[in-house]
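Undergrad: Quick one, fold the following:
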Amino acid sequence: MCGRYALTATSKEVLDFLGVIDIDDFPARYNIAPTQPVLVVAAEEHHRPGSNLPRRRALLARWGFLPGWVKDVRDFPLLINARAETAPEKASFRGAMRHRRVLVPASGFYEWRRPAKETGLPAQPYWIRSRKGGLVAFGGLMETYASADGSEMDTAAILTTRANATLRGIHDRMPVVIPPQEFSRWLDCRTQEPREVADLLQPAPEELFEAVPVSNLVNRVANMGPELQKPIILAEPQDPPPKAAAQMSLF
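TA: Here you go, the predicted structure:
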């Protein structure tokens with residue numbers, strides 16, 4: 001799952017990383033939450049001279065995907081994530097997987113480790129960032145929703161997949177991360193059908209992320225400063241370590 005993330009890079013860093021045509025300056029955002037506007041990158045319809053690859057454009061979309069067939073948004077659940085395993089076939093996301101794939105730049109994301117209920121301990125938030133620093137790009141989906149009054153709104157969801165071994169002890173899901181060398185293929189909805197980019201919907205490499213325990217300041221959307229990412233030292237393990245098996249098993 002991905003329910004909070006951050007984008008603290010400069011606009012130039014985002015531009016250089018994602019190769020967009022142009023981008024306006026924007027402030028650092030340490031606690032991006034659902035329903036807020038988020039920066040996404042999509043393929044431009046026009047092409048570079050002499051190239052079959054589309055250019056990339058940056059735009060803002062509401063984090064909360066709305067399929068075009070929704071009649072009343074008040075009766076529709078908030079879709080901030082799309083499961084990569086089912087998105088190509090699910091009615092809500094099928095069209096976007098084929099025609100409107102996007103990249104969502106991020107400096108990292110937050111996840112909560114929830115101890116067993118019997119411990120009585122609260123969920124522990126972690127700031128999950130690239131070990132090398134810099135940006136990553138989540139795989140995302142976009143839909144332009146037209147309301148009954150004729151107004152339009154771009155909406156987006158972040159694709160998730162099963163967690164890798166690095167993060168599995170915190171949560172069983174993680175965002176899909178598209179590597180830079182695959183940006184063009186992911187965004188190319190003209191020639192790359194969902195089945196042809198399915199290999200990109202995998203857990204991130206084990207060495208990509210590190211998980212840093214942080215305070216519960218991130219729990220409140222109103223908290224938006226860099227102190228949210230300040231590491232803390234955990235007083236004690238949240239769960240007892242698993243007991244060693246009596247013998248090894250192949251399964």
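Undergrad: residues touching residue 192, list them.
TA: 185-186 (CB atoms under 8 Å, 6 or more residues apart in numbering). Every residue, glycine included, has its C-beta placed from N, CA and C.
Undergrad: tell me the phi and psi of residue 63?
TA: Per-residue torsions, residue 63: phi -80, psi 100 (degrees, to the nearest 10).
Undergrad: same thing with residue 130?
TA: In terms of degrees, to the nearest 10, the main-chain angles of residue 130 are phi -70, psi 140.
Undergrad: Show me where this structure has its helices.
TA: Here the chain has its helices, by DSSP state H, at 11-18, 94-99, 183-187.
Undergrad: can you redo those helices as TSV with mean neighbour count, mean pLDDT and distance to residue 64?
TA: TSV is the format used below for these (neighbours: other CB atoms under 10 Å; pLDDT from 0 to 100; distance: least, CB to CB, whole Å):
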stretch	mean neighbour count	mean pLDDT	distance to residue 64
helix 11-18	16	95	22
helix 94-99	18	97	13
helix 183-187	19	97	22
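Undergrad: can you tell me which of those comes nearest to residue 173?
TA: When these are compared by CB to CB, helix 94-99 sits nearest residue 173, at 17.9 Å.
Undergrad: So which elements touch that closest one?
TA: If you count contacts as 3 or more CB pairs under 8 Å, 6 or more residues apart in numbering; DSSP states H and E, helix 94-99 packs onto strand 136-146.
Undergrad: How far does the strand it packs on sit from its chain's centre?
TA: Centre-to-centre, strand 136-146 and its host chain are 10 Å apart (CA atoms, centre = their mean, to the nearest Å).
Undergrad: which stretches of the stretch 101-250 of the chain have low pLDDT?
TA: For the stretch 101-250 of the chain, residues meeting the criterion pLDDT under 70 lie at 236-250.
Undergrad: what's residue 92 in contact with, if anything?
TA: Residue 92 sits next to 65, 67, 79, 82 when contact means CB under 8 Å, 6+ apart.
Undergrad: For stretch 32-45, C-alpha coordinates in CSV please.
TA: Taking C-alpha atoms only, stretch 32-45 is exported to CSV below (Å, rounded to 0.1, in the frame of the first residue of the first chain):
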residue,chain,number,x,y,z
ILE,A,32,1.4,14.2,0.5
ALA,A,33,-2.0,12.7,1.4
PRO,A,34,-5.0,11.3,-0.5
THR,A,35,-7.3,13.8,-2.3
GLN,A,36,-4.5,16.3,-2.5
PRO,A,37,-3.1,17.4,-5.9
VAL,A,38,-0.1,15.3,-6.9
LEU,A,39,2.5,15.7,-9.7
VAL,A,40,2.3,13.1,-12.4
VAL,A,41,4.1,12.7,-15.7
ALA,A,42,2.4,11.5,-18.9
ALA,A,43,3.4,11.1,-22.5
GLU,A,44,2.7,14.1,-24.7
GLU,A,45,0.7,13.5,-27.8
